[in-house]
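**Student:** Just a sequence and a predicted model for now, questions to come.
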Amino acid sequence: MNISVIGTGYVGLVSGVCLSEKGHNVTCVDIDKEKVKKINSGIPPIYEKRLKELLNNNIKNGFSATTDLHSAILHSDLSIIAVGTPYRGDKIDLSSIKKAASAIGVSLKEKEEYHVVVVKSTVVPGTTDDVVQPILEETSGKKAGKDFGVGMNPEFLREGEAIDDFMNPDRIVLGGIDPKTHSILKEVYKVFEGVDILTTNNKTAEMIKYTANSLLATLISFSNEIGNLCATLGGIDAVEVMEGVHKDKRFSPILANGNRITPGFLSYLAAGCGFGGSCFPKDVKALIAHGKDAGNPMALLDSVIEINKKQPQEVIALLRKHLSSLRGKTIGVLGLAFKPGTDDMRESPAIPIVNYLLTEGAKIKAYDPEAQHEAKKLFGNHQIVYQNNLSQSIQGTDAILLLTSWDEFKQVPDLIHTQNEQPLIIDGRRMLSKNLFHKYEGIGLSL
């Protein structure tokens, strides 16, 4: 099938490349000429594992990028809207969605064939039907359901694992205004064999996405609240507490042969320094605002955000236990991205922590395998020295803050033990054994 994807961010570019890999002819559209030029040269504008490899496999073999939206629409059977919907104060910003819908509608005027427009961007329930569809009808002069279809196909991509998540989905949700839209969407995804497909209306599809992200965010904030209580009470390690909880067979079922299944969602039931990224903070806040507008306050989700907002302070509190003054102290910051496997720093817990260190006059040695260029945009150089490798970021430090759980950071114990003076380790992700260090503090632990 010929598919056009509007937007080349994490969702748009990953979706486009993966659909191409699955055999569709895909054209990604973006207004940024330099970004389009990069993509067509095989250079992804974002870091995502395996993205560069798949991009280069598919360029000129079913995949291309362009700034010409009109041509892309005319030469495709289905268009996917995958533009950003950032949260602005009290609601998500739909300006990019509206512009995309308007431009698509103008192009639909010249199409005789039935065309399906699918929203993949994360939008609050009702947006596809009440915002996108009317714009398409107004600008095209045509009727949805008669001349073109409108659908909603939420993404469930984890940054850092987005390629694998798209190519090996656990479920596919297809919203649509009518059976014809559903039928065409099923044609797109028939190449994904053996996957559960849920067909529903657009509003329900939108709600599924928000519910899924809000649940995972709630698990994280719940775990952090328990972890903070463990640290306050003393003599309890939150890691061991959660290990005991995870062994519940309702969470990790035991097969007939005695082997235990450990579902991936258990990773969200672990204390740390907070969640970030482009999805969880934005989506939870958007659902809270949407519920409030509908006259249904979301007290639980309000708490999820408040707990997460305060969680980076737990790292700072552990640091201040040992260093009453940070002025002139050298602090190693390991990890700047909000999670491993990405260069995305949006809402990263590292941001408020680094800003605090700068305010207190600390000297910062920062290292992240992928996100340092993003950090320089945010912080500049100031008192931050960006290191080229893990070993450099550890040497000569008074304390080390581990803020992102990159696998590379498992080397920290061996690297530290080669030093004469061992720094304080503050493990904001509890990825290192507390027994490997002379001076160790971790979230959810009080020694």
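**Tutor:** Nice, I can see it. Numbers count the residues shown, from 1 in each chain.

**Student:** what's the least confident helix or strand in the chain by mean pLDDT packed up against?
**Tutor:** When the helices and strands of the chain are scored by mean pLDDT, DSSP states H and E, strand 87-88 comes last with a mean of 88. Using 3 or more CB pairs under 8 Å, 6 or more residues apart in numbering; DSSP states H and E as the contact test, the elements touching strand 87-88 are helix 280-293. Where you see a C-beta, it was placed from the backbone N, CA and C, and this is true even at glycine.

**Student:** If you count neighbours, what's buried in the helix it packs on?
**Tutor:** Residues of helix 280-293 classed as buried by neighbour count (16 or more other CB atoms under 10 Å): 280-291.

**Student:** Could you export the residues you listed as TSV, including pLDDT?
**Tutor:** Shown next, in TSV, are these (pLDDT from 0 to 100):
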residue	pLDDT
Phe280	94
Pro281	95
Lys282	95
Asp283	96
Val284	97
Lys285	96
Ala286	96
Leu287	96
Ile288	96
Ala289	95
His290	96
Gly291	96
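
**Student:** Now flag whichever of the residues you listed is closest to Lys190.
**Tutor:** Asp283 (28.9 Å; CB to CB).

**Student:** rewinding a little: just put the buried residues of helix 280-293 in TSV and tack on distance to Ala65.
**Tutor:** Output for these, formatted as TSV (distance: CB to CB, whole Å):
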residue	distance to Ala65
Phe280	28
Pro281	29
Lys282	25
Asp283	27
Val284	32
Lys285	31
Ala286	29
Leu287	32
Ile288	36
Ala289	34
His290	33
Gly291	38
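
**Student:** Next secondary structure element downstream of the helix or strand harbouring Lys186?
**Tutor:** If you go by DSSP states H and E, Lys186 is part of helix 179-189. Following helix 179-189 in sequence order, the next helix or strand is strand 197-200 (DSSP H and E).

**Student:** ok so, going back, distance from the chain centre to the least confident helix or strand of the chain, please.
**Tutor:** Distance of strand 87-88 from its chain centroid, counting by CA atoms, centre = their mean, to the nearest Å, is 16 Å.

**Student:** Direction included, what does it pair up with?
**Tutor:** Strand 87-88 sits in its sheet next to strand 91-92 (antiparallel), going by DSSP bridges.

**Student:** List the buried residues of the helix or strand following the partner strand.
**Tutor:** Next helix or strand after strand 91-92 toward the C-terminus (DSSP H and E): helix 95-108. For helix 95-108, the neighbour count (16+ other CB under 10 Å) marks 96-97, 100-108 as buried.

**Student:** can you list those residues in CSV and add distance to Val195 and pLDDT?
**Tutor:** As requested, those are exported to CSV (distance: CB to CB, whole Å; pLDDT from 0 to 100):
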residue, distance to Val195, pLDDT
Ser96, 29, 97
Ile97, 27, 97
Ala100, 27, 98
Ala101, 28, 98
Ser102, 33, 98
Ala103, 32, 98
Ile104, 27, 98
Gly105, 31, 97
Val106, 35, 97
Ser107, 31, 97
Leu108, 30, 97
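
**Student:** Just flag the most distant two among those residues.
**Tutor:** Ser96 and Leu108 (18.5 Å).

**Student:** and the nearest residue to Asn2 once chain neighbours are set aside, how many neighbours does it have?
**Tutor:** The shortest distance from Asn2 to any non-neighbouring residue, by CB to CB, 6 or more residues apart in numbering, is to Ser76 (4.4 Å). Applying other CB atoms under 10 Å, we find 24 residues neighbouring Ser76.

**Student:** same question, Ser214
**Tutor:** When neighbours are counted by other CB under 10 Å, Ser214 registers 20.

**Student:** Would you check that it makes contact with Ala286?
**Tutor:** No. The pair formed by Ser214 and Ala286 falls short of the contact definition of CB atoms under 8 Å, at 9.6 Å.

**Student:** what about Asn153, how many residues close to it?
**Tutor:** 24.

**Student:** Also Ala217?
**Tutor:** 23.

**Student:** quick one: contacts for it?
**Tutor:** By CB atoms under 8 Å, 6 or more residues apart in numbering, the residues touching Ala217 are 275, 280-281, 283-284, 301, 304, 308.

**Student:** What score does it have for pLDDT?
**Tutor:** At Ala217, the model reports a pLDDT of 97.

**Student:** With Lys60 instead?
**Tutor:** 80.

**Student:** Provide the count of other residues in contact range of it.
**Tutor:** Lys60: 9 neighbours (other CB under 10 Å).

**Student:** Tell me how far it lies from Lys38.
**Tutor:** 15 Å (CB to CB, to the nearest Å).

**Student:** quick one: contacts of the least confident helix or strand of the chain?
**Tutor:** 93, 281-282, 285-286.

**Student:** again with stretch 242-251
**Tutor:** 223, 226, 252, 262-263, 266, 269-271.

**Student:** Read off the pLDDT value for Leu136.
**Tutor:** So, for Leu136, pLDDT stands at 98.

**Student:** for it, what are its contacts?
**Tutor:** By CB under 8 Å, 6+ apart, the neighbours of Leu136 are 101, 104-105, 108, 117, 142, 144, 148, 150.
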